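Participant: Curious how this folds, go ahead:
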Amino acid sequence: MTEKTITVSNRAGIHARPSALLVETSKNYNCNIYFERGNDRINAKSIMGVLTLAAAYGTEIRIIAEGEDTNEEIEAVEALIKLFASKFEEEQDTVI
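Facilitator: Reported below is the predicted structural model:
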């Protein structure tokens, strides 16, 4: 099992578009992937599950990958972390 806790950093939180990107990315991996928020654990490959997290800006989410291949678990978690870190490419950093 591989896990990592992240904080939602995009201002709009996890709405329809980020949810779709998370599910699409999760489906690329042959392992079980879950998101946990508090006591709620949902399947990261389920669009309805991801939407029901209602993860707003600043929410902590634990990403968990379980499978037979530890390397694939690590790759899956890292790919999802990249999406969160990029703020789902919704926000542009402004340089003045």
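Participant: do you know how far the closest residue to Ala85 other than its chain neighbours is from Ala16?
Facilitator: The shortest distance from Ala85 to any residue other than its chain neighbours is 7.5 Å, reached at Ser9 (C-beta to C-beta, 6 or more residues apart in numbering). Quick note: C-beta positions are derived from backbone N, CA and C, even for glycine. Ser9 sits 18 Å away from Ala16, taking C-beta to C-beta, to the nearest Å as the criterion.
Participant: Tell me which of those two has more neighbours.
Facilitator: Higher neighbour count among Ser9 and Ala16: Ser9, with 15 against 10, using other C-beta atoms under 10 Å.
Participant: For the more buried one, which three-state class applies?
Facilitator: With DSSP: H, G, I helix; E, B strand; the rest coil as the basis, the three-state label of Ser9 is coil.
Participant: Ser19 versus that one, what's the distance?
Facilitator: 16 Å.
Participant: Let's verify Ala56: helix, strand, or coil?
Facilitator: Secondary structure, three-state DSSP: Ala56 is coil.
Participant: Is it in contact with Val8, as I believe?
Facilitator: Yes. The pair Ala56 / Val8 is scored as a contact, 6.8 Å apart, by C-beta atoms under 8 Å.
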